[in-house]
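Colleague: based on what follows, work out the 3D shape:
(chains A, B, C and D)
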Protein chains: 2
Amino acid sequence: MPEPPPPRLDEIDAQLLDLLQRDAGRTLHDLGERVGLSPSAVQRRIARYRRDGLITRQVAVLDPHRFGPTVLATVLVTLARESFEHHRAFAERMRSNPQVQQCYRVAGPWDYVVVLAARSMRECSRLGDRLFKADDNIRRYETLLVFDTIKTGLALPPPAPQPSRPQDGRS
Amino acid sequence: MPEPPPPRLDEIDAQLLDLLQRDAGRTLHDLGERVGLSPSAVQRRIARYRRDGLITRQVAVLDPHRFGPTVLATVLVTLARESFEHHRAFAERMRSNPQVQQCYRVAGPWDYVVVLAARSMRECSRLGDRLFKADDNIRRYETLLVFDTIKTGLALPPPAPQPSRPQDGRS
DNA sequence: GCTAGAACGCAATAATCTTGCATGCCTGAA
DNA sequence: TTCAGGCATGCAAGATTATTGCGTTCTAGC
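Modeller: Here you go, the predicted structure:
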């Protein structure tokens, strides 16, 4: 799976992407005012981000405090056998389960950090059993039940703009 | 900070919220077709979700693989002193730093799980130093550098609809 | 049963998005 | 240096989508 090189982004792209990843509900007109372009130029840039895969989707963020029983758990996981195929199979299982909210491959004493989302502690426990205990390739796992969500989001650092031509020294 | 009770949600609300948290780019017409309402009824329900705080915002999800150097780290943190005030201060610091992407209060051998987002490992390391090492109330912390993002998202389990009036037994 | 409030669909209106076109800028080749 | 081609832009027109007023129906509480 070779990835294409990151597309060239200028300062305005960086601003737009950051604005959108923090709040995608803005109008093109609002965005345009913030970056100094017309609404149609903004729209064309956003269309480019989508076409090029920079923006994969747009989601509504729900406030977990405003719903009834909602349980998140962060699970630290280590595999028993670490072949490419075992890792691929594990990743695929995480991707395909809708109750797996996030999954990261990490360095250090654990192989993966997995965030689960369920409707009760019981359901969360069962989910953990199903995903990890029942998998004979899990060497160990440790569940950290979330009892408060302090901050939520997926924002990445603002993309670094490519260096443009060096500024002609005016001074 | 007492929270109002969770609002009553029916089956259609549950469907709409789930659809929106997975893909907020759909038109009202599309959503309406999926849940059996007119576009304007859908719009009014969504307006209600926003007004009631169920939906806090809408964000564009960026693909971390499509950007240049982007480093995530999951950090496990334990405080030294666990007074209410110490926890409040820690939470506030996490909330106010834009490079802290997520922060969860957890049960178990650690107090918090924190996800950091930076542009390089060096920057991530410095961020960790600034946030944790320089804080004399951190008893210990362990950084798990993310080297691959398998799955990303913030979707909660579909909200449970409130039981409506028991169905009149027709059979 | 009655009443008040909420939810709905329809249709009109407003807002927003998309696209064609002309123009200007930038880059690379001759 | 000049020229040509490609790309990005703004403007304006058209298309699409969201919003809202209004009348009707439904629901819950008294």
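Colleague: residue nearest the middle of chain A, spatially speaking?
Modeller: Residue closest to the mean C-alpha point of chain A, counted by Cα atoms, centre = their mean, is A:L154 at 5.0 Å.
Colleague: check which helix or strand covers that one.
Modeller: Assessed by DSSP states H and E, A:L154 sits outside every helix and strand.
Colleague: any idea how far B:R66 is from it?
Modeller: Between A:L154 and B:R66 the computed distance is 14 Å (Cβ to Cβ, to the nearest Å). C-beta coordinates here come from the backbone N, C-alpha and C atoms, glycine included.
Colleague: equivalent analysis for A:P69, please.
Modeller: Taking Cβ to Cβ, one finds A:P69 at 36 Å from B:R66.
Colleague: what of A:V42?
Modeller: For A:V42, the distance to B:R66 - Cβ to Cβ - is 20 Å.
Colleague: how far does stretch A:46-64 sit from the chain's center?
Modeller: In terms of Cα atoms, centre = their mean, to the nearest Å, the centre of stretch A:46-64 is set 11 Å apart from its chain centre.
Colleague: mean confidence score for that stretch?
Modeller: Confidence for stretch A:46-64, expressed as mean pLDDT, is 94.
Colleague: so A:L9 makes contact with A:L17?
Modeller: Yes: with contact defined as Cβ atoms under 8 Å, A:L9 reaches A:L17; the gap is 7.5 Å.
Colleague: overlap in contacts of the two?
Modeller: A:P159 (Cβ atoms under 8 Å, 6 or more residues apart in numbering or on different chains).
Colleague: show me the domain layout of chain A.
Modeller: Using automatic domain parsing, the domain ranges for chain A come out as A:11-51, A:65-146.
Colleague: mean neighbour count and distance to B:A134 added to those domains, as CSV?
Modeller: Putting those into CSV (neighbours: other Cβ atoms under 10 Å in any protein chain shown; distance: least, Cβ to Cβ, whole Å) gives the following:
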stretch, mean neighbour count, distance to B:A134
domain A:11-51, 16, 26
domain A:65-146, 17, 22
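Colleague: and the closest residue in space to A:K151 that isn't next to it in sequence, what is it in contact with?
Modeller: Spatial nearest neighbour of A:K151, excluding adjacent residues (Cβ to Cβ, 6 or more residues apart in numbering or on different chains): B:C103 at 4.2 Å. Contacts for B:C103 (Cβ under 8 Å, 6+ apart) come out as A:T149, A:I150, A:K151, B:A91, B:M94, B:R95, B:Y112, B:V113, B:V114, B:V115.
Colleague: give me phi/psi at the residue nearest to A:H87 when sequence neighbours are not counted?
Modeller: What sits nearest to A:H87 in space, not counting adjacent residues and going by Cβ to Cβ, 6+ apart, is A:L79, at 7.0 Å. Reported as degrees, to the nearest 10, the phi and psi values for A:L79 are phi -80, psi 160.
Colleague: can you name the residues bridging to A:L79?
Modeller: A:L79 forms beta bridges with A:I138, as assigned by DSSP bridges.
Colleague: wait, it touches A:A91, no?
Modeller: No: using Cβ under 8 Å, A:L79 makes no contact with A:A91, being 10.7 Å away.
Colleague: need the residues touching each of these two.
Modeller: Going by Cβ under 8 Å, 6+ apart, no residue sits against A:L79 while also sitting against A:A91.
Colleague: DNA strand C contacts on chain A?
Modeller: Residues of chain A found near DNA strand C (Cβ under 7 Å from any atom of the strand) are A:T27, A:L28, A:H29, A:P39, A:S40, A:Q43, A:R44, A:I46, A:A47, A:R165.
Colleague: and the contacts of the lowest-mean-pLDDT helix or strand in chain A?
Modeller: The least trusted helix or strand in chain A, going by mean pLDDT, DSSP states H and E, turns out to be helix A:121-128, with a mean of 92. Outside helix A:121-128, the residues that touch it by Cβ under 8 Å, 6+ apart are A:V71, A:A73, A:V75, A:Q99, A:L116, A:A118, A:Y141, A:T143, A:L145.
Colleague: hmm, try it at 7 Å
Modeller: A:V71, A:A73, A:V75, A:Q99, A:L116, A:A118, A:T143 (Cβ atoms under 7 Å, 6 or more residues apart in numbering or on different chains).
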